[in-house]
Structures are given as structure tokens and as C-alpha cells.
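>>> Please work out how this folds:
(one chain, ligands or ions: 3)
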Amino acid sequence: MKPWFVSLALPFALLLPVDAKAQRSIVFEEAAFPERGVLAIAVAEGLAGRDFDALDAASQGALRRAATAAGFKGGKGSKLDLPGFASYERVLLVGMGKDSPDALALRDVGGAVAQHFASSASAQPVNLYWGGSEGDAASQLAMGVALGQYRFDQYKSNGKPVTGDVLIRTPAGRAAAAQWQREWQPVAQAVNFARDLITEPANAIYPESFVERVREQARGLPVTLEVLDVAAMEKLGMGGMLSVGQGSARPPRMLLLRYNGGRAGDAPLAFVGKGITFDSGGISIKGNDGMWRMKYDMAGAAASTAAVLALAGRRAPVNAVAVAALAENMPSGTADRPGDVIRTASGKTFEVMSTDAEGRMVLVDALWYVQRQDKPKVIIDIATLTGSIVTALGNDYAGLFSRDDALASQLYQSGQNSGNWVWRMPLLDSYGPMLASPIADMRNGGGRPSSGTAAWFLGEWVARGTPWAHVDMAGMAWIESGGKPTSPAGATGFGVLLFDQFVRDHHQGK
Ligand code: BES
Ligand code: ZN
Ligand code: MN
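Ligands and ions are numbered 1, 2, ... in the order given. From the prediction side, this is the model:
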């Protein structure tokens, strides 16, 4: 016989929310050097820096002796954990390289601290001390903590909750807190939202549920959503979207997310994302090896929509629209086939060489629609488009294709500033003939430089003269193992920081 409380407790347990706090709250405190507890500080190369010196002096040189004995020099990416040091429970030294760290180096420090304490002593608050009085540096540390501590354990029945805060203690105090909340926290939240969408499997995220997740996330923000369903897309003649979606039981959607924080009537920036919620290849089916990864084939759509949520969240003075071209690419009796000729909304036709070249098929209808509806002044599309960009650039740089030199160099710069690196690839007129079709305007695939011909294909749907760039992020969506201080293994959220930074650098007069 079960004791009575078992049967009583069970329904209760089922109702309890599983989401015990998975991440540490970030709290700013205007404070001098903490003297107890868990302390983390940044140390410059050669055991230098304001905070190191202060703690070393306070400990009568014990800190330098301990660091030297352990061979710790403060190099970028190095760490030294000193349990029981002086009056502290633990002191963590984080090497930051040079003594005048830029925003990315500070984020790496914050991320290293967050990751170091991710699994251990999770109930313990962590004091991250920063002796500088500028609010900006402290916000960047917080940015690193927020990005670096990301994890997705929603489906783990025994996910460990954490309760200890990260206390960023700094003389900058309240000013830093305000700056973090206003300027950066919405951006970190957007990156982590994109990571959630990407990590979610394709039985949870499909075109309709993608839209609903964005709708929830947009609640309270000054944005509007427009959703095209199948009937609307049929009316518009969006053969690209419809042909990719027609093999799946999950109908396709096109989502537009608009934010107008700039001057009324100013043409917006458009961010267009590939949103294939699962890419099986369709009838041109992929091999099973690693096919599960194709749940992340909507990472471009996640990046574009999350970027606009970030801009809205921090009330950036800019007008922007995100387009998510959402479809599931599946083989079935209703799927599109190789050889099919598709008429897109613009009237242009293409012949399907491979149903696995589906990204460009959905993107061209999205590019056409946003040009017609929003007359954007700049269009940037982002997509996990081709395996060959991974062959060319690996997992460090996304491929950047543009005919506009100014836009290309702006994006390169913002890539460097945000840590979302992009490397320019050629986009040559000679790629056009490689896609010639005997019966349609062109084919959806062909040619050796297949990332290049894919870019060329997209460009056929963009009015010449409109500044346009294409970002092929196939190698950047996912980190297989290891991870980085601000990007644990798994979904990276690549593109959100790039677009946010692009707006900061070039479209808001800072
Ligand atoms: N989603 C894939 C590209 C991809 C590959 C993304 C690896 C991330 C990692 C895309 O739809 C695709 O299948 N592309 C084909 C194009 C080809 C059929 C012209 C490719 O790259 O092989
Ligand atoms: Zn794909
Ligand atoms: Mn494909």
C-alpha cells in the first residue's frame, strides 16, 4: 500500500513548473572590493592590472606568489582558481590579455566567469569585481555573463537549478546597471532567444510554432507582426515558399516583424532569414549522417527576427523589418521534385535541380515581398545556405556576398566589432550562365562555386541599385563541441550581434 501522501503529492508535482531558475541573475552593486565569498577578477598579461594590484597589495603579495607558483600569467583565455585564498572562499583569476581590453575581451571575461561557476556551487553568489568607473566596461562584462551562461535544459528531467546571483561589483554601480538594462540586456536576451529557437527540435519548432514563439517574445515590445499563411501566399503566387513547404504536414509561413524606432517614413533596414525548420533535403534526400542537425536550418530566420527584437528592446533609433521565410523541407507524395518548374511571386521561374537547394527557393519570395511592402534602404539576408561555404571558411567566418563595396566593408567592420565575423567572397557575373536552364529563367543549383551561384541566384530577386548583402552562415549556426566563453557548445545565435552592431556602427549616429 502506498502511503496517502504519495497519491496526493503526485498531481501536485505534475503541476509544479519545471523551470527552476536555470541561469544566474545579474545584479550590479556599487561597491568596493568585496572581502569575503567567491571573488572573480580580470588580470592582464604579465600579472598586471588595477584589480590584480589591489588584491595583491591587500594580501601582502600572496596573490602574486600564488599566481606565479601556479604558472598563471594572465594570458587571454587562461584561468586560475584559488580555493580558500586569504579571507575568501575562492578567488578566480581570469586572464584577459592586454591591459586595455576591448568590448569583446571583456565579454570573454564575463563568459569565462559564468562558465566556470556553471556547474559547481550553484547556490553561491559570485562577486565579479571591476574597479573601473566607466559603465560601459561593466555592461560588457555582464553581456559576457549573460551569453556565456546560456544553457538549454528544458527537456532534462533532472536539470539543476541555480540560485546564486552574479554580483557585478563596480564603482560604476548604478550607472552601469542602467546602461546594461537599457542598452545591452535586451540584446543578450535576444541572442539567447535565438539560441532557444535553434536548439528546439523540429517536432517543437515548425513554421506555425516559430511564429507563436516570436509572438510571445514580442509581447510588450513596440513591434508588429504580419503573418502570411498558405492562402495568402497562394494569392501572391509565392511558388518558392509553397513548393518547399508542400511536402510537409506542417504548412509554411512567412513572418514579418516590424519595428519603427527611427524617423517616421524613413526607409527601414531589412533582415531576411532562411527559416527551414527541418531540412531533410526533400526528394533529393540527405544521408542520415548528422541529418538531425538540420533542425538548425532556421538559424537565419532566428537571427533576423531576434535582431529586430533586440533593436526594439533597446529602443534603437532606427526602422527595421525582419522577414522569416519558414517552411519544412520533407519528402512525401506531395513534395516538389527535381525537374519541377516553379513560378515565384515576382513572376520569375526556376527549374528545380535539387530539392535540397531549398533555402534560396523560399528566400527569393521573401526578398521580393519585403521590397514590395517596405521599400527597404538596405537588405541583408542571412541563411545556413550551402555546405560549400563551410568547406571554404570553416567555423570562424560566415561568407559575405555583396555587389556593394560600402555595405560589404560596413558589415565586415561590424563583424569584427561584434565577434560575429564575416569574410567577403566574390559575387561574379560569370556565375549567371552556370545556372542557365533550357526551359525556365534559371536553375536552382549548379556550378562549382556553389556558395557563389547560390548568392547569385538570390541576387536575381533584388532590384539592382538596392544595397544588398547575403550572409551564408552555414558554418556558424552551431558549435559541435567545446564552445567559446560567450557561446557554449550548441546553437550560437550568430547574426543577432552582427545586425545589432551594424545598426550601432552605421545606422544610429551613436
Ligand atoms: N541547409 C543546407 C546547407 C547546410 C549544410 C547548412 C551544412 C549547414 C550545414 C542547404 O539547404 C543545402 O542542402 N545545400 C546544398 C545545396 C546544393 C544542393 C546546391 C549543399 O550545400 O549541398
Ligand atoms: Zn537547407
Ligand atoms: Mn537543403
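>>> separation between Ser354 and ligand 1?
According to Cβ to the nearest ligand atom, to the nearest Å, Ser354 stands 4 Å off from ligand 1. To be clear about C-beta, it is placed using only N, CA and C from the backbone, and glycine gets the same treatment.
>>> so what's Ala31 scoring on pLDDT?
Looking at Ala31, its pLDDT reads 83.
>>> give me the element Leu385 is part of.
Leu385 is part of no helix or strand when elements are defined by DSSP states H and E.
>>> so what's whichever residue of the chain sits closest to ligand 3 up against?
Closest residue of the chain to ligand 3, Cβ to the ion: Asp356 (3.8 Å). The contact partners of Asp356, by Cβ atoms under 8 Å, 6 or more residues apart in numbering, come to Asp279, Gly281, Gly282, Ser284, Ile285, Lys286, Asn329.
>>> can you give me the strands for the stretch 51-200 of the chain?
For the stretch 51-200 of the chain, applying DSSP state E, counting those that start in this stretch gives strands covering 79-83, 90-97, 126-129, 166-170.
>>> I'd like those strands laid out as a markdown table, including mean pLDDT, distance to ligand 1 and mean neighbour count.
Listed next are those as a markdown table, based on pLDDT from 0 to 100; distance: least, Cβ to the nearest ligand atom, whole Å; neighbours: other Cβ atoms under 10 Å:
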| stretch | mean pLDDT | distance to ligand 1 | mean neighbour count |
| --- | --- | --- | --- |
| strand 79-83 | 97 | 32 | 16 |
| strand 90-97 | 96 | 32 | 23 |
| strand 126-129 | 96 | 36 | 24 |
| strand 166-170 | 94 | 34 | 25 |
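>>> Export the ones you listed as CSV, with columns for distance to ligand 3.
Output for the strands of the stretch 51-200 of the chain, formatted as CSV (distance: least, Cβ to the ion, whole Å):
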stretch, distance to ligand 3
strand 79-83, 40
strand 90-97, 40
strand 126-129, 43
strand 166-170, 40
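>>> Might you enumerate the residues of the protein proximal to ligand 1?
The chain comes close to ligand 1 at residues 279, 297, 354, 356-359, 384-388, 390, 445, 450, 474, as judged by Cβ under 6 Å from any ligand atom.
>>> ok, which of the residues you listed also contact ligand 2?
The subset of the residues of the chain next to ligand 1 within reach of ligand 2, by Cβ under 5 Å from the ion, is Asp279, Asp297, Gly359.
>>> wait, isn't Ile205 in contact with Ile276?
No. Using Cβ atoms under 8 Å as the test, Ile205 is too far from Ile276 to be in contact (11.0 Å).
>>> Please name the spatially closest residue to whichever residue of the stretch 51-200 of the chain sits closest to ligand 1 (chain neighbours excluded).
Closest approach of the stretch 51-200 of the chain to ligand 1 (Cβ to the nearest ligand atom) occurs at Ile198, with a separation of 11.7 Å. In space, Ile198 comes closest to Ala491 once its chain neighbours are excluded; the distance is 3.7 Å by Cβ to Cβ, 6 or more residues apart in numbering.
>>> again with Pro485
Spatial nearest neighbour of Pro485, excluding adjacent residues (Cβ to Cβ, 6+ apart): Gly111 at 3.2 Å.
>>> hang on, that neighbour packs against Ala142?
No. At 10.6 Å, Gly111 does not count as touching Ala142 under the criterion of Cβ under 8 Å.
>>> what about these two, which has more around it?
The residue with more neighbours, out of Gly111 and Ala142, is Ala142; 30 against 26, by other Cβ atoms under 10 Å.
>>> Report the separation between that one and ligand 2.
Counting by Cβ to the ion, to the nearest Å, the gap from Ala142 to ligand 2 is 35 Å.
>>> For that residue, which residues are in contact?
By Cβ under 8 Å, 6+ apart, the contact list for Ala142 reads Ile26, Phe28, Gly110, Val166, Ile168, Ala176, Trp180, Trp184, Gln185, Ala188.
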